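K.L.:
the following block contains a protein sequence and its predicted model.
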Amino acid sequence: MVSSDPAGSRSSGPRALDDHARDNLRFIRETMERAGSFTAVPGWGGLAMGITALGAAAIASSQNSPIAWLLTWITEAVLAIAIAAWATYSKARAAGSSLFSGPGRRFVYSFAPPLLVGVLLTALQLRTGVVGAIPGEWLLLYGTGVVTGGAFSIRVVPLMGLCFMVLGAVALFCPWNWGNLFLAAGFGALHIIFGAVIARKYGG
């Protein structure tokens, strides 16, 4: 004999609806993350990076050897990374978002590989003492990272990356002693220009 449990059926109904609603909310949240863009690109941080890069260019221009010149720029690169990390974290926190959200995570995953390639090439060239191509390589690889990461960010970011790539491509075919000017133009002037645009139009 089969017994029915109307009370059990009534209690399972709301639970099923609740589970279904949670599944729908999860789907909507994941869809919005996939469709969203990473907006925590720091404009004020870009301005600060540009200013320190111009200072590094002035110091590097007075160095007497290519290795000392390169070490000056490596120091600036470490400082710029610290500024960018702090500024990005601060902007994301102020906006109530996370650096490890869908768009933020994809931005980092796309931006990091070209920078890693740049680190490895720099280490190789520093060991061999052949540093002439480094300005062009840095600008080109940094621009590549900005373009690929910028695919998940605001529209002005990939445009900035393209400007870096063009500058780097030109630098590769110019005399190596022009490298300091190219680095100042890229990491200095371009960061200041685009940093000001991002700070003004995209909330700092």
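P.N.:
Yes, it's here.

K.L.:
who's in contact with stretch 106-123?
P.N.:
38, 70, 74, 99, 134, 137-138, 141-142, 144-146, 148-153 (C-beta atoms under 8 Å, 6 or more residues apart in numbering). Just so you know, the C-beta spots here come from the backbone N, C-alpha and C atoms, and that holds for glycine as well.

K.L.:
one more: stretch 175-192?
P.N.:
46-47, 49-51, 53-54, 56-57, 60-61, 69, 73, 76, 80, 131-136, 138-139, 142, 160, 163-164, 167-168, 170-171, 174.

K.L.:
same question, stretch 68-86
P.N.:
So stretch 68-86 is contacted by 42, 45-46, 48-49, 52-53, 55-56, 59-60, 63, 122, 126, 131, 134, 138, 180, 183, 187 (C-beta under 8 Å, 6+ apart).

K.L.:
from the contacts of stretch 175-192, which would you call buried?
P.N.:
46-47, 49-50, 53-54, 56-57, 60, 69, 73, 76, 80, 131, 134-136, 138-139, 142, 160, 163-164, 167-168, 171 (16 or more other C-beta atoms under 10 Å).

K.L.:
after the helix or strand harbouring Leu120, which helix or strand is next?
P.N.:
Assigned by DSSP states H and E, Leu120 falls within helix 102-128. Counting by DSSP H and E, the next helix or strand C-terminal to helix 102-128 is helix 134-150.

K.L.:
mean confidence score for the helix or strand that comes right after that following helix?
P.N.:
Sequence-wise, the next helix or strand downstream of helix 134-150 (DSSP H and E) is helix 156-172. Throughout helix 156-172, pLDDT has a mean value of 94.

K.L.:
how's this structure carved up into domains?
P.N.:
Using automatic domain parsing, the domain parsing of the chain gives 1-35, 39-201.

K.L.:
deepest of those, which one?
P.N.:
Burial of the domains of the chain is given as mean neighbour count (mean count of other C-beta atoms under 10 Å); domain 39-201 ranks first at a mean of 18.

K.L.:
can you pull out the low-pLDDT segments for the chain?
P.N.:
1-40, 95, 97-103 (pLDDT under 70).

K.L.:
what sits against Ile198?
P.N.:
Per C-beta under 8 Å, 6+ apart, neighbours of Ile198: Val41, Pro42, Gly43, Gly46, Ile154, Val156, Val157, Gly204.

K.L.:
the fifth one and Glu137, how far apart?
P.N.:
Think Ile154. Distance of Ile154 to Glu137, computed by C-beta to C-beta, to the nearest Å: 26 Å.
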